[in-house]
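Asks: No letters, just coordinates:
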């Protein structure tokens with residue numbers, strides 16, 4: 001019962017924050033509302049006993065991308081100017097489309113015969129994923145790291161190309 005209450009609270013946080021991101025007229029408020037949406041998703045992953053995915057979500061999206069977005073928004077010149085803010089164009093049609101989508105999803109949820117899954121004891125997955133990365137999948141893991149390193153070096157070369165000229 002408590003898990004269901006926590007799930008619905010996290011779902012409300014996620015959907016409400018996502019709605020604020022989409023419908024806020026101020027880009028700064030949209031960026032901070034995105035934090036709520038990301039944190040709600042992290043909570044849902046934790047409830048699903050997907051601890052590795054939850055921590056990746058927390059580190060990559062909240063810790064990296066969202067902080068970078070907040071810095072980019074805050075350091076942009078003229079952020080207080082009205083022209084930089086999100087425009088309120090198409091709010092009516094967006095609400096109609098969102099309402100129709102909500103009705104279709106509610107109809108699908110109500111008409112589906114849901115089956116109760118058997119209860120299981122959640123176990124940590126991070127240990128098994130780490131052993132797999134350093135065991136059977138060490139070669140693809142290292143190849144992916146080399147590809148990311150090449151992309152990083154390429155980005156540095158491209159960004160420093162203007163400085164040399």
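Replies: Nice, I can see it. This is a predicted model, so every value here is computed, not measured. Numbers count the residues shown, from 1 in each chain.
Asks: lowest average confidence, helix or strand, in the chain?
Replies: Across the helices and strands of the chain, mean confidence by mean pLDDT, DSSP states H and E is lowest for helix 67-75: a mean of 78.
Asks: Of all residues in the protein, which one is nearest the centre?
Replies: The C-alpha lying nearest the average C-alpha coordinate of the chain belongs to residue 38 (Cα atoms, centre = their mean; 4.6 Å).
Asks: In what element of secondary structure is the closest residue to residue 47 other than its chain neighbours found?
Replies: Leaving aside its chain neighbours, residue 47 sits nearest to residue 7 (5.7 Å; criterion: Cβ to Cβ, 6 or more residues apart in numbering). Just so you know, the C-beta spots here come from the backbone N, C-alpha and C atoms, and that holds for glycine as well. Using DSSP states H and E, the element containing residue 7 is helix 2-23.
Asks: and if you look at residue 113?
Replies: Residue 113 belongs to no helix or strand when assigned by DSSP H and E.
Asks: what does the least confident helix or strand of the chain rub up against?
Replies: Residues from elsewhere that reach helix 67-75, judged by Cβ atoms under 8 Å, 6 or more residues apart in numbering: 27, 28, 31, 32, 34, 79.
Asks: hang on, the earlier thing: and the residue nearest to residue 47, how many neighbours does it have?
Replies: 14 (other Cβ atoms under 10 Å).
Asks: ok, it to residue 101 distance?
Replies: According to Cβ to Cβ, to the nearest Å, residue 7 stands 21 Å off from residue 101.
Asks: And residue 38, by the same measure?
Replies: 22 Å.
Asks: In contact with the residue nearest to the centre of the chain, which residues?
Replies: 57, 61, 62, 66.
Asks: Counting neighbours, which bits of the helix or strand hosting it end up buried?
Replies: Following DSSP H and E, one finds residue 38 within helix 27-47. By 16 or more other Cβ atoms under 10 Å, the buried positions in helix 27-47 come out as 27-28, 30-46.
Asks: cool, and stretch 10-27?
Replies: Within stretch 10-27, the residues that count as buried by 16+ other Cβ under 10 Å are 10, 13, 14, 17, 18, 20, 21, 24, 27.
Asks: State the mean pLDDT of that stretch.
Replies: In this model, stretch 10-27 carries a mean pLDDT of 89.
Asks: related to what we said a few turns ago, which residues touch whatever helix or strand comes next after the helix holding residue 38?
Replies: As assigned by DSSP H and E, the chain's next helix or strand after helix 27-47 is helix 51-56. For helix 51-56, the surrounding residues in contact (Cβ under 8 Å, 6+ apart) are 42, 45, 46, 124, 125, 126, 129.
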